[in-house]
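Visitor: coords please:
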Amino acid sequence: MKLHELRDNEGAARKKKRVARGPGSGKGKTAGRGIKGQTSRSGVALGGYEGGQMPLYRRLPKRGFNKPNQKKYAVVNLGLIQKFVDAGKIDAKAEINEDVLVASGLVRRKLDGIRVLAKGDVSAKLQLVVTGASQSAIAAVEKAGGSLSVTSAAAAE
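Guide: I've put the predicted structure just below:
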């Protein structure tokens, strides 16, 4: 097979129906909207209006609260850090901070900081300095002979 022989599967790509382009198109004159009435006109918002009846989205109970200024952390598991150390992408002997994790490609971006979780095993002696960490992650790193220190979120900004 060559590049110039590539084709879509039969029926995979359908042309867009062009409405209001004359009687021969099958969608001429009223363009499939019927005759008169609210939905035949532009600017119709029938989404939530139920003719004056209390709309469904207002009848259902509202629960919870979304904090407008909540912090969003990039999450890293210990197993992944160990994998990158084994692959030689992270130097275990040097201090591993958030910039090192981003530079190695383990984390795409810091967001409001990086939080380390304890999923996976760690065997290398790591000196980690991150914005956040779970208690079990701190225990796992210290068990392996390393240290995990948590900086405050304010210092990271």
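Visitor: which ones are touching P23?
Guide: Going by C-beta atoms under 8 Å, 6 or more residues apart in numbering, P23 touches K29. Using the backbone N, CA and C atoms, a C-beta is placed for each residue, glycine as well.
Visitor: which phi and psi does it have?
Guide: phi -70, psi -30 (degrees, to the nearest 10).
Visitor: from S149, how far off is G51?
Guide: Distance of G51 to S149, computed by C-beta to C-beta, to the nearest Å: 62 Å.
Visitor: the more surrounded of these two?
Guide: More crowded of G51 and S149, by other C-beta atoms under 10 Å: S149, with 13 against 5.
Visitor: can you classify that one as helix, strand or coil?
Guide: strand (DSSP: H, G, I helix; E, B strand; the rest coil).
Visitor: any idea what it is bridged to?
Guide: Note on S149: beta-bridge partners by DSSP bridges are V129.
Visitor: isn't it up against T131?
Guide: No: S149 lies out of contact with T131 (C-beta atoms under 8 Å); the separation is 10.6 Å.
Visitor: what is the burial count for G24?
Guide: 7.
Visitor: buried residues in stretch 38-48?
Guide: Residues of stretch 38-48 include none that count as buried (16 or more other C-beta atoms under 10 Å).
Visitor: can you tell me what sits against it?
Guide: Taking C-beta under 8 Å, 6+ apart as the rule, stretch 38-48 contacts 30, 33-34, 55-57.
Visitor: tell me where the protein has strands.
Guide: For the chain, the strands defined by DSSP state E cover 74-77, 95-97, 114-117, 127-130, 132-133, 147-150.
Visitor: mind giving me the packing neighbours of the first one?
Guide: What that stands for is strand 74-77. Using 3 or more C-beta pairs under 8 Å, 6 or more residues apart in numbering; DSSP states H and E, the elements in contact with strand 74-77 are strand 114-117.
Visitor: how about a cut-off of 10 Å?
Guide: With contacts defined as 3 or more C-beta pairs under 10 Å, 6 or more residues apart in numbering; DSSP states H and E, the packing partners of strand 74-77 are helix 98-104, strand 114-117, strand 127-130, strand 132-133.
Visitor: can you lay out these as TSV showing distance to N77, mean pLDDT and mean neighbour count?
Guide: TSV is the format used below for these (distance: least, C-beta to C-beta, whole Å; pLDDT from 0 to 100; neighbours: other C-beta atoms under 10 Å):
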stretch	distance to N77	mean pLDDT	mean neighbour count
helix 98-104	12	90	16
strand 114-117	5	92	22
strand 127-130	12	90	20
strand 132-133	11	92	21
